[in-house]
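Engineer: Prediction below, plus the sequence it came from.
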Amino acid sequence: MFGRRGTQPAETPPPAPAAPEAPSAAPAEPPPLTEIEPTPAPEPQPAFASEPAPMEDAGAQEQAKPGKPNERIAEVKVMVFNDLLEAVDLAEISKLEAEQVREEITDMAAEIISMRGLVLSMQEQEQEQVVIDICNDILGLGPLEPLIERDDIADIMVNGAERVYIETDGKIELTDIKFRDNAQLMNICQRIVTAVGRRVDEASPICDARLLDGSRVNVIAPPLAIDGAALTIRKFKKEKLKLENLIKFQSVTDELARVLEVISAIRLNVLISGGTGSGKTTLLNIMTGHIDPGERIITCEDSAELQLQQPHVVRLETRPPNLEGAGEITMRDLVKNCLRMRPERIIVGEVRGPEAFDLLQAMNTGHDGSMGTIHANNPREAISRVENMIAKGGYNLPSKAVREQIAAAVHVIIQAQRLRDGSRKVTHVTEVMGMEGDVITLQDLCLFEFLGETDDGKIIGEHRFTGMRPNFWDKARYYGLEDKVARALNMGGGL
């Protein structure tokens, strides 16, 4: 055992041969059943009875009501949790491996349940669940732990202690998971952000963070969140997705997948555009899988979530200011510093501010193959957003000069979109051709055409190549990949 402060939990009654005495915090022993039966409206049973309650008693009826939490089990968890805090030396816990800590806490929680005289009042399955929940409260994310383990969930959305939503297959649904109170929810939020050196409190109520598996986390705490902390987790699948998975999900066709593979391999500068939840980061992760393993890649992110598989990757992450308001490292600081690190490719998790200008500068100075994501509804809007970001950065440049920088730096814009049936599609593969006067010219290589929907609301459509010769044809030939592009485009409507 480790770090125990005593052999018995706090307020533990002495053992006796007879049924264990109920703890002082619990009500008195219930009268025999023969005295309860004639009572028209029986009194509620105590929270922790020394004898198992019959199925027809008031406590069982309360538990059977749909949607009502099991208050008795909740009180057991609170009692055992408090006893554990009294019995465990937290300083010792930090020195052990997580699995060792879980085993010790499991043993101690089971011992406390036994010594408290709660064994007879709960079924074995209930006891096991209490122990699991307590371990999750101490070591994991509390009630959210079962959702974290599920690989079919894309997003977890916590709106205060009482309401937890999940997204599966593009649809949002309410779960029956609840937190004990807003204080427990806030403790979980603190644990998440502290693990990556950040904080969330009344002075700094908004925080971006990540879990150990790279899942993205956003926390908004009171007083900004009126009904309790709002916690949003964008989960990553445990399985590393590939282009073949996108084909299986019908997000792209086989021909389009081959074109995306070539775009990644021949070092084109790419912007992946899309709305929230459209799959931009997932697509960026997949496309980086086709980068040559010998290249030096540097990633810049607000919260490190990219999962590049190449051996030579340097991952950089921004830092918020400290309590005194100093020490902040912005995305622009990271992108500017990248240029001193001999990068071959720069990957920006999300372009959202003045760093857009520095990224364009990097793309224009020999760092071909750089990539980033941007929030926009179509390729033309993505160009406008980059232009607006540069303008907001305080650069005193003529509009035409900015557009010339964009036209020279960005080669391809890939548009991802989440459709109304919840499916995600690549809807545009668009080349930036150059300038005509003051306007940046674009050329669509492939478009997703909406054809209708099924009786159950599923979108019907198809990817169609426009038949235009790609501007990157010569570069594909330089890398020996022109045949792959030609086959894909011929299948989609000819070269």
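Structural biologist: Received, thanks.

Engineer: what's the burial count for Lys248?
Structural biologist: 10 (other C-beta atoms under 10 Å). For every residue, glycine as well, the C-beta is placed using N, CA and C.

Engineer: need the helices for the stretch 351-495 of the chain, in chain order.
Structural biologist: In the stretch 351-495 of the chain, the helices defined using DSSP state H, counting those that start in this stretch lie at 355-363, 379-392, 399-409, 473-478, 482-491.

Engineer: any idea which of these is most buried?
Structural biologist: helix 355-363 (a mean of 24; mean count of other C-beta atoms under 10 Å).

Engineer: Also compute the angle for it relative to helix 399-409, please.
Structural biologist: 50 degrees (axes from the mean of the first three to the mean of the last three C-alpha atoms, to 10 degrees).

Engineer: Contacts made by helix 355-363 with the rest, please.
Structural biologist: With contacts defined as C-beta atoms under 8 Å, 6 or more residues apart in numbering, helix 355-363 is touched by 269, 300, 330-332, 334-336, 338-339, 343, 346, 348, 351, 370, 372, 386, 389-390, 393, 395, 405-406, 409-410.

Engineer: Would you show me how to pick out the buried ones of those residues in ChimeraX?
Structural biologist: Buried residues among those (16 or more other C-beta atoms under 10 Å), as a ChimeraX selection:
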select :269,300,331,332,334,335,336,338,343,346,348,351,370,372,386,389,390,405,406,409,410
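
Engineer: Could you provide the helices of the stretch 351-495 of the chain in CSV, with additional columns for distance to Cys207?
Structural biologist: As requested, the helices of the stretch 351-495 of the chain are arranged in CSV below (distance: least, C-beta to C-beta, whole Å):
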stretch, distance to Cys207
helix 355-363, 20
helix 379-392, 23
helix 399-409, 32
helix 473-478, 42
helix 482-491, 43
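
Engineer: Show me the longest strand that occurs in the protein.
Structural biologist: Longest strand of the chain, by residue count under DSSP state E: strand 439-453.

Engineer: Quick check: nearest residue in space to Ala356, chain neighbours excluded?
Structural biologist: Met389 (4.1 Å; C-beta to C-beta, 6 or more residues apart in numbering).

Engineer: ok, now Ala203?
Structural biologist: Here the residue nearest Ala203, using C-beta to C-beta, 6+ apart, is Leu323, at 7.4 Å.

Engineer: mind checking pLDDT for that neighbour?
Structural biologist: Listed pLDDT for Leu323 reads 74.

Engineer: what's the burial count for it?
Structural biologist: By other C-beta under 10 Å, neighbour count at Leu323 equals 10.

Engineer: Thought Asp201 was touching it, still the case?
Structural biologist: No - look at Leu323 against Asp201 with C-beta atoms under 8 Å: they stay out of range, at 9.7 Å.

Engineer: do you know how far the residue nearest to Ala203 is from Ser204?
Structural biologist: Using C-beta to C-beta, to the nearest Å, Leu323 is found at 8 Å from Ser204.

Engineer: Check Tyr165 too.
Structural biologist: Taking C-beta to C-beta, one finds Tyr165 at 25 Å from Ser204.

Engineer: Who are the contact partners of the closest residue to Thr253 other than its chain neighbours?
Structural biologist: Distances taken as C-beta to C-beta, 6+ apart put His463 closest to Thr253, at 4.8 Å, once the chain neighbours are dropped. Residues near His463 by C-beta under 8 Å, 6+ apart: Val252, Thr253, Glu255, Leu256, Val426, Cys446, Leu447, Phe448, Glu449, Gly492.
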